[in-house]
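S.K.: what follows is a predicted protein model with its sequence.
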Amino acid sequence: MTTVGVLGATGAVGQRFVQLLDDHGEFDLSVVTASPSSAGDSYREAANWGLDTPIPEETADLTVRATDPGAIPDDTDLLFSALPSDVGAAVEPELCEAGFVVSSNASNERRADDVPLVIPEVNADHLDLIDVQRDQRGWDGALVKNPNCSTITMVPTLAALDEFGLERVHVSTLQAVSGAGYSGVTSMEILDNVVPHIGGEEEKMETESRKLLGEFTGTEVDDHDAVVSASCNRVPTLDGHLENVFVETRDDPAPEDVAAALADAPTLDLPSAPDPLIEVFEDPERPQPRLDRMRGDGMAIAAGGIQTTDTGIQYNCLAHNTIRGAAGASILNGELLARDGWL
């Protein structure tokens, strides 16, 4: 078994890590960290558990540690980071310098030239950037990132359609409130309402997508040439980001060709990888967050509403934002790191 820990384990994404790692066949969760005010408490005491499954008993009895290299046992093989980006920016490099491998959901350094930004089914070869990273930074450990929750919903579909010559993408998102964390959006802000802006979200989608779809040259990633534009909106659903995607391609595929390309998107032989990666609906009213966010145990992408327009292809896609879009994505990256011998 691979010994793992969760950094920032008491927050919304941290709790999702704990839930998904319970009874994981390859990972043994033995370390949980949080803020200094929680250090020394049991996880049961420190976490205001908010998920719809019971808190895992073995994890509940763990003592919360400080998020500090000196507080984490040296024999911890892999750390999953649910830290806020400002904390991650300060702590994650220290952990990597101390020899730990960190699979992080935090947004800091996603665009760094030597940091792999990975969706395993899309760009597993980008993990080879770890060699560049270790050479440049002098680390024994490594830092690997998964993308933003809205980006990870869309990019697997774009990767599947790149065979038609991806040129331009516009996406409008309908993002669930859980993406903002427990205290991110108040009920007075979101009930009977839509918030047509999420700070920094558009830029993340526009830049991260091109890096994920880019080509690893052996020393760096050349971003994809496609132009990506995003409009991000917060809506009153609990979980599941729904996105309306408009794609212009070099070729002119028919809707049935688009559906086939999405349905045939390759998956991987990893414990958390869904099969199929993308579930395609013929019903134009699907996917819907409440009905389809748990496809593939929350790790699949759902797509539907496929049609051609005067300018290209239009479709909708959906994923569970705290599973596929956050904790589950980091765990899948961790499984890839373990399989490919990076730990």
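M.R.: Yes, it's here.

S.K.: domain ranges for the protein?
M.R.: Domain assignment of the chain by automatic domain parsing yields the ranges 2-147+326-339, 149-320.

S.K.: would you convert the ones you listed into JSON lines that also reports mean pLDDT?
M.R.: Conversion of the domains of the chain to JSON lines gives the following (pLDDT from 0 to 100):
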{"stretch": "domain 2-147+326-339", "mean pLDDT": "97"}
{"stretch": "domain 149-320", "mean pLDDT": "97"}
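
S.K.: can I get those in CSV with mean neighbour count?
M.R.: For every residue, glycine as well, the C-beta is placed using N, CA and C. Rendered in CSV, the data for the domains of the chain read as follows (neighbours: other C-beta atoms under 10 Å):
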stretch, mean neighbour count
domain 2-147+326-339, 20
domain 149-320, 19
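
S.K.: can you give me the helices for the stretch 201-343 of the chain?
M.R.: 201-212, 255-263, 289-292, 328-339 (DSSP state H, counting those that start in this stretch).

S.K.: which one of those lies closest to residue 162?
M.R.: helix 255-263 (9.1 Å; C-beta to C-beta).

S.K.: name the helices or strands packed onto that closest one?
M.R.: Secondary structure elements in contact with helix 255-263, counted by 3 or more C-beta pairs under 8 Å, 6 or more residues apart in numbering; DSSP states H and E, are helix 149-161, strand 278-280, strand 301-308, strand 313-319.

S.K.: what sits up against that helix?
M.R.: 157, 160-161, 163-164, 253, 276, 278-280, 282, 303, 306-308, 313, 315 (C-beta atoms under 8 Å, 6 or more residues apart in numbering).

S.K.: go with 6 Å
M.R.: Under the contact criterion C-beta atoms under 6 Å, 6 or more residues apart in numbering, helix 255-263 has outside partners 160-161, 278, 280, 303, 306-308, 313.

S.K.: still on that earlier bit, a markdown table for the helices of the stretch 201-343 of the chain, including distance to residue 221?
M.R.: Compiled in a markdown table, the helices of the stretch 201-343 of the chain are given as follows (distance: least, C-beta to C-beta, whole Å):
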| stretch | distance to residue 221 |
| --- | --- |
| helix 201-212 | 6 |
| helix 255-263 | 23 |
| helix 289-292 | 31 |
| helix 328-339 | 16 |
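
S.K.: report the two of the contacts of helix 255-263 separated the most.
M.R.: Counting by C-beta to C-beta, the most remote pair of the contacts of helix 255-263 is 278 and 308, 18.6 Å apart.

S.K.: nearest to residue 242, out of the contacts of helix 255-263: which one, please.
M.R.: residue 303 (10.7 Å).

S.K.: and for the closest one, nearest residue in space, chain neighbours not counted?
M.R.: Once its chain neighbours are removed from consideration, residue 303 has its nearest residue in residue 317; the separation is 4.6 Å (C-beta to C-beta, 6 or more residues apart in numbering).

S.K.: do residue 18 as well
M.R.: Spatially, and ignoring its direct neighbours in sequence, residue 18 is nearest to residue 59 (5.3 Å; C-beta to C-beta, 6+ apart).

S.K.: my guess is the one you found contacts residue 19, does it?
M.R.: No: checked against C-beta atoms under 6 Å, the pair residue 59 and residue 19 is beyond contact range at 9.1 Å.

S.K.: can you name the residues that contact residue 268?
M.R.: Contacts of residue 268 were listed using C-beta under 6 Å, 6+ apart, and they are 120-121.
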